[in-house]
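Participant: dropping the sequence and predicted coords here.
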Amino acid sequence: PLLNYDGSNYGFHWLGQSFLYDYLTSLGPGKPIVDFEYHAFSINPIRVTDINPRHASATLWLAHLHGLVGNIAWYWQDRSGDDPFPDSWFESWFHASISTQPLLAAEYFHTMGHLNRLSEEIVALAKDRDVPVRLLVSKPAYIHNQSHINALHRAYEGLCFQGKRVGFITGDMLEQAGVSERCETIVLADAQFVSGATLDALQQAGHQGVSLVRFGQRSPKFDAYGQAHPPEALAFLNGTPVISYGSAEQAHHEFAKTLKPRRNSVTARIVGKDHAFGVLHRHTTLGDRSLLLLVNTLSKPVEVEIISADGKTLAGRDLITAEKIGPRSCRLAIQGVRLIEVQ
């Protein structure tokens, strides 16, 4: 039960969208992602009549941060004629559509306007070449045991609020091309079944200085056919950190102990805490400019400090609202978004 997604922490269900787009952008051949049926609002049997308008901005900024380049929102428009709803089934789907919530629709269009106006900035954030953390996706593991998928979601949830870009790497990718020099950590989340070639590639990655971290209850043990690997083939994993199952926040704190700090990077933390769990933050540079995106996924507003690499609090300007920020802190509403040009 600890692996089940716990939505009580959050103001909206951000995990599935971010996980999907980060996974897709981790794969070759690196083509743009366009969603022609963007389902971030009331869909099918899910009918929410009073969606917070900020839901539109939060989901769209997250989508484009994680790799989406364009979308067409799915909605049910008004119908006309003598019998506009030939079946009550259609009428129920029109109920609570984005087309019946004008404030939500307005926020959607305003946000798309901001994303286009700030396209250089969002591309710089999304296309950051550094992907220091990778989650291993093992095809044999998810064929044999559903826990691999559950553990991938929980590990990803615990990694997302570290201020680092998170990606994925499959066994085939490891075997064929190895790891990028910018990869610092590979997480093995309940990867109990992996091929011998993937084990060899992981061992080689370790020789190149990549840290290996095991997450969950199951470490690599069997090949794709369920045959046990010889102990000597697994010996290189002895002594690697193991993070146990727990809540997403617990995983967040445990991963923070294993990850290397980003050099010369601006980060964020919640006022009164030593972390930013629940506040997704991403820093990059664009020319001589320093940019920090903040998105509050929590179910409550928070005060956030912008922190330099040497631990000082920083000021800046919100490029979305033109509001001055800091130097002490800034407020993030529920589903609040800020794109800050840091001074």
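Facilitator: Looks like it came in fine.
Participant: low-confidence stretches in the chain?
Facilitator: 1-4, 76-92 (pLDDT under 70).
Participant: can you tell me which helix in it is longest?
Facilitator: helix 102-117 (DSSP state H).
Participant: surely Thr59 forms part of a helix?
Facilitator: Yes. If the criterion is DSSP: H, G, I helix; E, B strand; the rest coil, then Thr59 is within a helix.
Participant: pull the contacting residues for the nearest residue to it once chain neighbours are set aside.
Facilitator: Spatial nearest neighbour of Thr59, excluding adjacent residues (Cβ to Cβ, 6 or more residues apart in numbering): Ala40 at 4.3 Å. C-beta here means a position set from N, CA and C on the backbone, and glycine is covered the same way. Neighbouring residues of Ala40 by Cβ atoms under 8 Å, 6 or more residues apart in numbering: Gln17, His55, Ala56, Thr59, Leu60, Ala63, Ala73.
Participant: wait, is the third one part of a strand?
Facilitator: Think Ala56. No. Secondary structure assignment (three-state DSSP) places Ala56 in helix, not in a strand.
Participant: what residues does the helix or strand hosting Glu232 touch?
Facilitator: For Glu232, the element it lies in under DSSP states H and E is helix 231-234. In this structure, residues lying in contact with helix 231-234 by Cβ under 8 Å, 6+ apart are Gly196, Leu199, Ser219, Pro220, Lys221.
Participant: now do the helix or strand that comes right after it: which elements does it pack against?
Facilitator: Where DSSP H and E defines the elements, the next helix or strand beyond helix 231-234 is strand 242-243. Applying 3 or more Cβ pairs under 8 Å, 6 or more residues apart in numbering; DSSP states H and E, we find strand 242-243 packed against strand 211-215, helix 248-258.
Participant: tell me what angle the first one forms with helix 248-258.
Facilitator: To tie it back to what came earlier, the one meant is strand 211-215. 160 degrees (axes from the mean of the first three to the mean of the last three Cα atoms, to 10 degrees).
Participant: quick one: strand 211-215 to chain centroid distance?
Facilitator: 19 Å (Cα atoms, centre = their mean, to the nearest Å).
Participant: likewise the longest one?
Facilitator: Helix 248-258 sits 15 Å away from the centroid of its parent chain (Cα atoms, centre = their mean).
Participant: rebuild the helices and strands packed on strand 242-243 as a markdown table, extending it with mean neighbour count and distance to Tyr108.
Facilitator: Output for these, formatted as a markdown table (neighbours: other Cβ atoms under 10 Å; distance: least, Cβ to Cβ, whole Å):
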| stretch | mean neighbour count | distance to Tyr108 |
| --- | --- | --- |
| strand 211-215 | 21 | 36 |
| helix 248-258 | 18 | 28 |
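Participant: now the strands for the stretch 1-150 of the chain?
Facilitator: With DSSP state E, counting those that start in this stretch as the criterion, the stretch 1-150 of the chain has strands at 33-38, 68-73, 133-137.
Participant: need those strands in CSV with mean neighbour count and distance to Ile149, can you?
Facilitator: Shown next, in CSV, are the strands of the stretch 1-150 of the chain (neighbours: other Cβ under 10 Å; distance: least, Cβ to Cβ, whole Å):
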stretch, mean neighbour count, distance to Ile149
strand 33-38, 14, 21
strand 68-73, 17, 22
strand 133-137, 25, 9
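Participant: any chance of these in TSV, plus distance to Ser26?
Facilitator: Converted to TSV, the strands of the stretch 1-150 of the chain look like this (distance: least, Cβ to Cβ, whole Å):
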stretch	distance to Ser26
strand 33-38	12
strand 68-73	14
strand 133-137	8
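Participant: for Asn145, find the nearest of those strands.
Facilitator: strand 133-137 (13.4 Å; Cβ to Cβ).
Participant: what lines up beside that closest one in the sheet?
Facilitator: strand 166-170 (parallel), strand 185-189 (parallel) (DSSP bridges).
Participant: hmm, who's touching the last one?
Facilitator: Strand 185-189 is touched from outside by 132-136, 148, 151-152, 154-155, 159, 169, 179, 202, 205, 210-216, 219-220, 255, 258-260, with contacts defined as Cβ under 8 Å, 6+ apart.
Participant: with the first one instead?
Facilitator: Taking Cβ under 8 Å, 6+ apart as the criterion, the residues outside strand 166-170 that touch it are 22-23, 25-27, 131, 133-139, 156, 159-160, 179, 183, 186.
Participant: immediately after it, which helix or strand?
Facilitator: Next element after strand 166-170 (DSSP H and E): helix 171-177.
Participant: which strands and helices sit next to that following helix?
Facilitator: Checked by 3+ Cβ pairs under 8 Å, 6+ apart, helix 171-177 has strand 133-137, helix 139-144, helix 196-207 packed alongside it.
Participant: make a markdown table from the ones you listed and add distance to Cys330 to it.
Facilitator: Formatted as a markdown table, the helices and strands packed on helix 171-177 follow (distance: least, Cβ to Cβ, whole Å):
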| stretch | distance to Cys330 |
| --- | --- |
| strand 133-137 | 26 |
| helix 139-144 | 40 |
| helix 196-207 | 39 |
